[in-house]
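Peer 1: give me a model of this one.
(chains A, B, C and D)
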There are 2 protein chains.
Amino acid sequence: MRQGVAETRESVQDDPRWARSRAAILKAAATLLRQEGPSAVTHQRLAKQAGVARATVYRHWPRTEALLLQVMAAEGFPFFQHPTIPIRAWLHTRLRELADDLAQPAVQATTLTLMHGALWDRDIAAQRDQLVGVLTERVAAALDVAHDAGEMPQPPDPADAVAALVGPLLYRTALQAGAVSDTLIETLVEQVMTGRAASVPLDRALQQRSVQPSAP
Amino acid sequence: MRQGVAETRESVQDDPRWARSRAAILKAAATLLRQEGPSAVTHQRLAKQAGVARATVYRHWPRTEALLLQVMAAEGFPFFQHPTIPIRAWLHTRLRELADDLAQPAVQATTLTLMHGALWDRDIAAQRDQLVGVLTERVAAALDVAHDAGEMPQPPDPADAVAALVGPLLYRTALQAGAVSDTLIETLVEQVMTGRAASVPLDRALQQRSVQPSAP
DNA sequence: CAAACTATGAGACATTTTGTCTCAGTGTTG
DNA sequence: CAACACTGAGACAAAATGTCTCATAGTTTG
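Peer 2: Coordinates of the predicted model:
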């Protein structure tokens, strides 16, 4: 970028004009994604929405895919951190936070665009894998705490536990288009914490993990 | 359609040429969706892929959105039919079928496009609601059978049960990008059938059901 | 403060894509 | 065989896309 001249100061861009444009475009991208979906995130629409010139959008993000990825990555993931005992109560609170977050249209837009786009875009798939990895690690840590505290008989497979806890929230939010009740959360926590059913000796759950996108 | 002349024979189109073109375009749409995603499903790409003229694609589907919806609706939903006792075993087999289906790239493409597109397209949202409705009804029927057979202490809320059963499969398939193990299925079935945790007297689960798309 | 930078806005420009239309050719039906 | 209807090929205007130039103005440096 930057007027064709090679970068002078590393890759850090501290020019306030550049930062302003970047912020405006990012905000515009988030708005367009939320209101009309990824297909509305074009350089032309972005320029109009952000109040900048079309060329400026091209200078910042030659490819809109990278911009969309930036929007999805910007969210961060402040959930399931710092487990405390009893884990049941902690889990309930965290799942409630996540459910409230997933109730927001903007979050639904980024989450589903991430899941959807990962099927065909290698970079989006990497972003998705990273998010899933973080989430699994945090829940695994919490389950360890619970087991150490004697709150669980046998620690389940972390990946399975995350699927059993978060999967229903996703289903309720994205497919049933409804609110997550505290009753549902309570049921899920109790089910997972009780550690019902078979343990996982040779679990083939993640055997084909992290598949690459593109045509099969 | 049809050369500008008003429709002569209702809306049924039995001309073999028309049927051939339609089938070729539908097949092309499914292929493009699976391999490159919804953004690749344009009239131009469809024409090339289907081996028909561009004008023909416009004649059949002036809007590609309707075509995509057709592709997603064409799948049907042959799952969770005809419950038999014991429901545990029946549920296990049905969930295995669904998981195997969800493992296919083509099914992932249509399913996630349905969830994703429903956020901004009213028609897609309707299609999604219909799918969810059918699924919930079938599982509810199965749970009734289980309860009548004394297999379950207290019948859970059907919507919650579906979320608890199918949600994890979706999470494993679409986010963790992994295979669904029989162990996971067994765990899920056991958790739901045991009817652990609070019953659902005044469940607010689906209070904001079937929200309309478009900008918030 | 003044000069050297550097991102921006506005627009030109060629190219591609999109949507609509016409018309001759041909498969289909009666 | 004759009337009908869909298709393919292409023309066409409009819109979108990607790249470029240059004057202007905001920013940093001396």
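
Peer 1: what's downstream of the lengthiest helix in chain A, the next helix or strand?
Peer 2: The longest helix of chain A (DSSP state H) is helix A:122-148. For helix A:122-148, the following helix or strand on the C-terminal side (DSSP states H and E) is helix A:158-170.

Peer 1: that following helix and chain B in contact?
Peer 2: Yes: Helix A:158-170 is in contact with chain B by CB under 8 Å from any CB of the partner chain, via A:159-160, A:162-164, A:166-170. Using the backbone N, CA and C atoms, a C-beta is placed for each residue, glycine as well.

Peer 1: ditto for stretch A:88-108
Peer 2: Yes: residues of stretch A:88-108 contacting chain B under CB under 8 Å from any CB: A:105, A:108.

Peer 1: that older thread, nearest to A:Asp101, of the residues of helix A:158-170 next to chain B?
Peer 2: Using CB to CB, A:Leu169 is the member of these that lies nearest A:Asp101, at 9.7 Å.

Peer 1: the closest one: neighbour count?
Peer 2: 23 (other CB atoms under 10 Å in any protein chain shown).

Peer 1: contact partners for it?
Peer 2: A:95, A:98-99, A:102, A:180, B:163, B:167 (CB atoms under 8 Å, 6 or more residues apart in numbering or on different chains).

Peer 1: picking up where we left off before, give me the mean pLDDT for the longest helix of chain A.
Peer 2: Averaged across helix A:122-148, pLDDT comes to 96.

Peer 1: and for stretch A:90-106?
Peer 2: 97.

Peer 1: check which residues of it are buried.
Peer 2: Neighbour counts using 16 or more other CB atoms under 10 Å in any protein chain shown place A:90-92, A:94-95, A:98-99, A:101-103, A:105-106 of stretch A:90-106 among the buried residues.

Peer 1: same check on stretch A:124-143?
Peer 2: Those buried within stretch A:124-143 under the rule 16+ other CB under 10 Å are A:124-125, A:127-129, A:131-132, A:135-136, A:138-140, A:142-143.

Peer 1: would you format those as CSV with distance to B:Glu36 included?
Peer 2: Formatted as CSV, the buried residues of stretch A:124-143 follow (distance: CB to CB, whole Å):
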residue, distance to B:Glu36
A:Ile124, 14
A:Ala125, 14
A:Gln127, 19
A:Arg128, 18
A:Asp129, 21
A:Leu131, 23
A:Val132, 24
A:Leu135, 28
A:Thr136, 29
A:Arg138, 34
A:Val139, 34
A:Ala140, 35
A:Ala142, 39
A:Leu143, 39
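
Peer 1: tell me which two of those sit farthest apart.
Peer 2: A:Ile124 and A:Leu143 (28.5 Å).

Peer 1: is any residue of the longest helix of chain A near chain B?
Peer 2: Yes: Helix A:122-148 lies within reach of chain B by CB under 8 Å from any CB, at A:125, A:128-129, A:131-132, A:136.

Peer 1: out of these, the closest to DNA strand D would be?
Peer 2: Closest to DNA strand D out of the residues of helix A:122-148 next to chain B is A:Ala125 (21.7 Å), distances taken as CB to the nearest atom of the strand.
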